[in-house]
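A.B. asks: build me a model:
(chains A and B)
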Amino acid sequence: MNLVNAVKNYIAKMTEESGPGMKVLLMDKETTSIVSMVYSQSEILQREVYLFERIDMIADSESMKHLKCIVFLRPTKENISLLSRELQNSRYGVYYIYMSNIISKGDIKTLAENDEQEVVRELEEFFADYLAVSPHLFSLNIPICVQGNSWDPVQLQRCMQGIAAVLLSLKKIPAIRYQGSSDLVRRLAEKIGDLIYKESSLFDFRSDNQSILLILDRREDPFTPLLTQWTYQAMVHEIFTINNNRVDLRHVEGISKELQEVLLSPLQDDFYSQNMFRNYGEIGQTIKGLMDEYQVKSKSHQKLESIGDMKAFIENYPQFKKMSGTVAKHVTIVGELSNVVTKRNLLEVSEIEQQITCQNQHTQQLQKIKKILSGDKLRPEEAAKLVMLYALKYATHPNNHINGLINTLANDNNVPSRLIQLIHKVIEYGNKQAHLSDNFGTQEAVIQVTKRIFKDLQGVENIYTQHSPVLKETLEDLLKGRLKENAFPYFHSQTVAVPRPTDIIVFIVGGATYEESLAVHQLNCTYPHARIILGGSTIHNSSSFLREVDSAVLDIPLSGSKSQTSRNATQHSNKFSRFS
Amino acid sequence: MAEGSDNMREGFICPICLTDQKTMTKLHSHFHEVHSDDAQITKIFKGMMGLSKKIIKPTDFDDSVKYSPRKELIHSLEIYNTHQELGARRGHFETFQEIRNRRLEGFAAETNKLIIRLDKLLLNLPSDPNRKKLYEQTVVPWIDGEDVSRCPECTKSFHFARRQHHCRLCGSIMCHDCSSFLPLSKAKSILSRGDNGEASTDDVSEENNFRICRYCLNLLESRESMKASRNCNPLIAQLYEKARDFMKELAKDADLYQEMSLSLNEGKSMYNLHDARELWDKIIKLSEKISFLSTKIASMGVTENSCDLSDKQMKLQKAVGMGMNGYIQSKILSLPSLPSEELYAKKQEDRRRRIDREIRKEKQEDRTDALLDSQVKTEYVHSKPAVSKLQENVTVDEGWIPEVGSNMQHNNPLIQQMDNIRNYIKQAREAYKFDEVASLEENLRELQEEYYRQQS
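C.D. replies: This is a model prediction of the structure:
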């Protein structure tokens, strides 16, 4: 199961089916991201695709009848009407139309009736309807899918389509299991189950029946997205935000023009694919090793001690810069990461975060938090996150000091009221589960937590990376056939149980994280027969996660003013620029 | 794209030191001479070009850090590099076509009706406006305007200033503002009667135009544009077509060359060093032709101080040029160079010695076995006619077949066959089919052996 290749296969097929000749690729905003995640421009040029157009941004009416047009769109109402208009005033010689998901009979009719010039040569469903972030990770780029504790119906539909596309592109008909405590997740599981039943002619391939689709709710583990990250990919996402494999570095001081926006794709950047799962310390070492090697080559005797030295070295050797733009890029990123780590005191913060999530020493932890808050060295964001983690962990602790800490933040640390309110919301977000999970016994949950803590303490490698996400535990249980059916029931019409699945597709409603992606990758390496794929409505870092929490929890009585709408969050930047 | 910076350069630029080498030959030799020892750089470069999908091991970067095998696995995505078959797909084109055809049949009938009427109108059309009008009415019956009080297009009411007009093709009613005009010249060209649209289009007088409704105009125009797109073959498409043919040839030759140089570098004598040189020259010539075409396409319509192209056209031409240059580079820079005459001779000698050694060793180990083996071999040669092998080698898609020369008949069929093959070899060499040459020479050797065996 390789998601990147699954998407690449579809796109390669599109360019082949239209035969030889110059081609233009007509896409919408989402399919543009889908394609650009897996294909570089030079690769796609070799497939004779020379022009790229967005169907919602067609500016000219210049006709080029000598070009073949490959249309790759999501089957939305809007796209169908835009495409109908395009067909009526066809600018290209022939059209090969590929829809990224199931298209309705009505839409086929609309398109056929608008093809008066008989330019359409093909109409097919190709299920590349998700962003393949890496071979084992997909995202649907939905920044917020829950509004006030219930589904946004548009996003419910999009999640259903995305998961269906993953199953179809990998040719899997899995048994469906879901987090029993969550109503949201149950509805999604039902929708997918119904779809598989309704479209049985489409879901018609030999399946080994050893596959499981597991749908989880982010609210079961609100800790992971709040933690400071130390592996390369997760860290870059936490600190700079990775959007469609692109990182915006414009805010970095004195950044050169070509490094203002950099591409971090494991497919096109060998250094990145080798190091995305390594921790911060290792990366520094690897980069230093690389630089040393080049230094020897250029017979320079300059000593490289600090990241600052490395940066200076690079600037002094333009030759080197050209030779390996990749390395220059990573040195810049790592350099900037180290700046931020110092500026925000992340090592100290992270140590406390890890203790809160992995150990049960309330008094000591409270002292440490109080101490670091009194030190006045923290940004409000980090301070608030620490209190959030504390509050999530000790919400039911008899002697907890949540309100005291919140008061400290508001009065002494000048944390804005928006963040204070978010602390309340995060508690609410995490607690919603606690009420619901009473139904099937908290006893078990307690055992789970203690077991985890015990395990984590045994294998301490690094005080900053002790935490392991709940997902890892859940998946290990699933692989060993120990995942409890009352906590993770099968979708009701599924009668045949799959006790020991080999192929697992996990989807987290409310977003996955890169830490979890790494955990899944480690499981794939550890269990030779396991093939696990992780997906999420999006890939969160702490700030995007808090935006989603802000929208998911609306009813906090103590907050006077209604929080600002999450609309601005939905306008996540459009990255069409890649192909133009 | 990240690399799309302003100061983009094109041409035969060395990817490493960024010097312009002017020609492909120079670039290739420069690359091999200056950078060949720098394996690291080559690797990185190849990685960037997307040539080598192989993931560079971390040890390549840094020998000082050693990782245990399990950890090694964890730090790469290699475990996912398994074959992924094409996912599910579902076609709807048949349904689509059915709906489309049902609808288009109606249109086609209507358009045909219009064409027939237009034909009749143009036949014997009086030039006098009044008589023209009368004539038009005899061909197409006009709708009676009595009951029509508003223009069906814009729903404005008719009065003395907004008079009723009739479409000359379908007879329907509209106001002046909603009328379209079909120039007589255009009407003639629609019917392929030459006289291609020289009348000015602003002329809306009734004498030189047919007043028609928008509906009829649309039908005629879509017919015209379909006709036009069928015959559309601009210069860029022609050049592109040509370049594509060259590229196809280049790919084939490059594969063959790769094989030849590999074999030669091992000291094998299956191919001829001289042939490989010739093939290399041909590859260079081909790449120069492609690069000439790519420059031509990229710079079409651009002169030093003016550019009469649209943005889109420019973008297309640039992308095509870039794609072709990328293609040449990806094909040629990865090709190994050939050994020199002396080196080749030395390598051949080495190889011969090595094989001799091995044979001697084998013989000592098992004499009887070797004997048996050689018998089988001769029998094999004997039973398999050389001609059939030759025919196998000439496949249809290669498109090359040697002409059977008008050879004189020879008594011994073996000698005649050898003559034929010598002739084929000559032809194959002329056609740059060096893989054929190799297999033919193999044939020839077998035949010669057989011939000597018979003689002795």
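A.B. asks: how about the CA coordinates for the helix or strand harbouring residue A:158, as CSV?
C.D. replies: For residue A:158, the host element (DSSP states H and E) is helix A:153-170. In CSV, the C-alpha atoms belonging to helix A:153-170 read as follows (Å, rounded to 0.1, in the frame of the first residue of the first chain):
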residue,chain,number,x,y,z
PRO,A,153,-22.2,18.5,6.5
VAL,A,154,-20.0,19.6,3.7
GLN,A,155,-16.9,18.3,5.4
LEU,A,156,-18.6,15.0,6.5
GLN,A,157,-19.3,14.4,2.8
ARG,A,158,-15.7,15.4,1.9
CYS,A,159,-14.3,13.0,4.5
MET,A,160,-16.5,10.2,3.2
GLN,A,161,-15.3,10.8,-0.4
GLY,A,162,-11.7,11.1,0.7
ILE,A,163,-11.7,7.8,2.5
ALA,A,164,-13.7,6.1,-0.3
ALA,A,165,-11.0,7.3,-2.7
VAL,A,166,-8.2,5.9,-0.6
LEU,A,167,-10.0,2.5,-0.5
LEU,A,168,-10.7,2.5,-4.2
SER,A,169,-7.2,3.6,-5.2
LEU,A,170,-5.7,0.9,-3.1
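A.B. asks: that one packs against which elements?
C.D. replies: When contacts are defined as 3 or more CB pairs under 8 Å, 6 or more residues apart in numbering or on different chains; DSSP states H and E, helix A:153-170 sits against helix A:3-17, helix A:183-198, strand A:211-217, strand A:503-509, strand A:531-536. Glycine gets a C-beta too; all of them are placed from N, C-alpha and C.
A.B. asks: nearest to chain B, of the ones you listed?
C.D. replies: helix A:3-17 (3.8 Å; CB to the nearest CB).
A.B. asks: and the gap between residue B:77 and chain A?
C.D. replies: Residue B:77 is 6 Å from chain A, where distance means CB to the nearest CB, to the nearest Å.
A.B. asks: residues in contact with that residue?
C.D. replies: A:134, A:135, A:136, A:266, A:273, A:521, B:55 (CB atoms under 8 Å, 6 or more residues apart in numbering or on different chains).
A.B. asks: including neighbour count, secondary structure and distance to residue A:82, could these go into a markdown table?
C.D. replies: Output for the contacts of residue B:77, formatted as a markdown table (neighbours: other CB atoms under 10 Å in any protein chain shown; DSSP: H, G, I helix; E, B strand; the rest coil; distance: CB to CB, whole Å):
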| residue | neighbour count | secondary structure | distance to residue A:82 |
| --- | --- | --- | --- |
| A:134 | 23 | strand | 31 |
| A:135 | 24 | coil | 33 |
| A:136 | 23 | coil | 34 |
| A:266 | 22 | coil | 33 |
| A:273 | 22 | helix | 37 |
| A:521 | 25 | helix | 39 |
| B:55 | 16 | coil | 40 |
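A.B. asks: lowest-confidence helix or strand of chain B?
C.D. replies: Ranked by mean pLDDT, DSSP states H and E, the helix or strand of chain B with the weakest confidence is helix B:58-61, at a mean of 34.
A.B. asks: could you list the low-confidence segments of the stretch 201-350 of chain A?
C.D. replies: Counting by pLDDT under 70, the low-confidence segments of the stretch 201-350 of chain A come to A:207-209, A:293-324.
A.B. asks: chain B contacts on that one?
C.D. replies: Within the stretch 201-350 of chain A, the residues that sit near chain B (CB under 8 Å from any CB of the partner chain) are A:202-203, A:205, A:257-258, A:261-263, A:266, A:268, A:270-271, A:273-275, A:277-278, A:282, A:285-286, A:289-290, A:293, A:319, A:322-326.
A.B. asks: between the longest helix along chain A and strand A:211-217, how big is the angle?
C.D. replies: Determined from DSSP state H, the single longest helix within chain A is helix A:417-437. Put simply, helix A:417-437 runs at 130 degrees to strand A:211-217, going by axes from the mean of the first three to the mean of the last three CA atoms, to 10 degrees.
A.B. asks: which bits of the stretch 401-550 of chain A sit near chain B?
C.D. replies: A:521, A:522, A:524, A:525.
A.B. asks: ok, for the first one, nearest residue in space, not its chain neighbours?
C.D. replies: Think residue A:521. The shortest distance from residue A:521 to any residue other than its chain neighbours is 6.1 Å, reached at residue A:136 (CB to CB, 6 or more residues apart in numbering or on different chains).
A.B. asks: thinking again about what came up before, using PyMOL, define a selection of the buried residues within the residues of the stretch 401-550 of chain A next to chain B.
C.D. replies: Entered in PyMOL, the line below selects the buried ones among these, by 16 or more other CB atoms under 10 Å in any protein chain shown:
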select buried, chain A and resi 521+524+525
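A.B. asks: name the nearest of the residues of the stretch 401-550 of chain A next to chain B relative to chain B.
C.D. replies: Closest approach to chain B among these (CB to the nearest CB): residue A:525, at 4.8 Å.
A.B. asks: reduced to three states, what does that closest one come out as?
C.D. replies: helix (DSSP: H, G, I helix; E, B strand; the rest coil).
A.B. asks: gap between it and residue A:279?
C.D. replies: Counting by CB to CB, to the nearest Å, the gap from residue A:525 to residue A:279 is 16 Å.
A.B. asks: now do the strands in chain B.
C.D. replies: B:89-91, B:165-166, B:173-174, B:180-183, B:209-212 (DSSP state E).
A.B. asks: of these, which is nearest chain A?
C.D. replies: Once the strands of chain B are compared by CB to the nearest CB, strand B:89-91 is nearest, at 4.5 Å.
A.B. asks: give the buried residues for the closest one.
C.D. replies: Residues of strand B:89-91 classed as buried: residue B:90 (neighbour count, 16+ other CB under 10 Å).
A.B. asks: output the contacting helices and strands for it.
C.D. replies: Judged by 3+ CB pairs under 8 Å, 6+ apart, strand B:89-91 is in contact with strand A:120-126.
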